[in-house]
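1. Got a sequence here, can you model it:
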Amino acid sequence: MQKPKLNKRIEDIVRNMPHIVAIHPTKYTELPEVDYSLLKDNYLTRKVIDYIKIYLTEYPLIEDDFALGEGHTERRMWKLSLKKVCESEIRKCIEENKLRGNQLQNQAHMFCYLAHAVKDPAAKNKQK
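-> Residues are numbered from 1 along each chain as shown. This next block holds a predicted model:
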């Protein structure tokens, strides 16, 4: 479930847009293998792990110049204006930003799910 790397043309366009300070590529290119024997192995667990892997290895950090907190409304208005003038690839690039609030919240939920998906080692030992 590997996504294509950020298109260089799109990256250059986004980098030169107003309010974009920098695009920091991901530092992670490979992640360790997951030991599924430690987890309740089901479709959702595998999807969550795939999503976390994509987030860590593919999403860039896009730094903008909007203020923390009160800049949220300005950032939202700026993004809405992009829908009128930008190709969908450019909007998608901006949405797939590791620092985007919704992305961070999604990751928190994913890790909470995984915490509950860990098998109870005590129950495993009782079965022996």
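2. Report the buried residues of the helix or strand containing Ile90.
-> Using DSSP states H and E, Ile90 sits in helix 88-95. Neighbour counts using 16 or more other C-beta atoms under 10 Å place 90, 93-94 of helix 88-95 among the buried residues. The way it works is simple: take the backbone N, C-alpha and C, and place the C-beta from them, glycine included.
3. quick one: which of those is nearest to Glu63?
-> Ile94 (11.8 Å; C-beta to C-beta).
4. wait, Lys40 sits on Asp120?
-> No. If you go by C-beta atoms under 8 Å, Lys40 and Asp120 don't touch, sitting 9.7 Å apart.
5. Compare these two and say which is more crowded by neighbours.
-> Lys40 (13 against 9; other C-beta atoms under 10 Å).
6. Name the nearest residue to that one, sequence neighbours excluded.
-> Closest residue in space to Lys40, ignoring its immediate chain neighbours: Ala117 at 4.8 Å, by C-beta to C-beta, 6 or more residues apart in numbering.
7. Please tell me how far that neighbour sits from Lys53.
-> In this view, Ala117 and Lys53 are 15 Å apart by C-beta to C-beta, to the nearest Å.
8. now Cys112
-> Cys112 is 17 Å from Lys53, by C-beta to C-beta.
9. Equivalent analysis for Asp41, please.
-> Distance from Asp41 to Lys53, by C-beta to C-beta: 16 Å.
10. quick one, which of those two is more surrounded?
-> Counted by other C-beta under 10 Å, Asp41 and Lys53 do not tie: Lys53 has more neighbours, with 17 against 11.
11. ok, now which ones touch Asp65?
-> 19-21 (C-beta atoms under 8 Å, 6 or more residues apart in numbering).
12. Run through the neighbouring helices and strands of the helix or strand that contains Ile10.
-> When elements are assigned from DSSP H and E, Ile10 belongs to helix 8-15. Judged by 3 or more C-beta pairs under 8 Å, 6 or more residues apart in numbering; DSSP states H and E, helix 8-15 is in contact with strand 20-24, helix 88-95.
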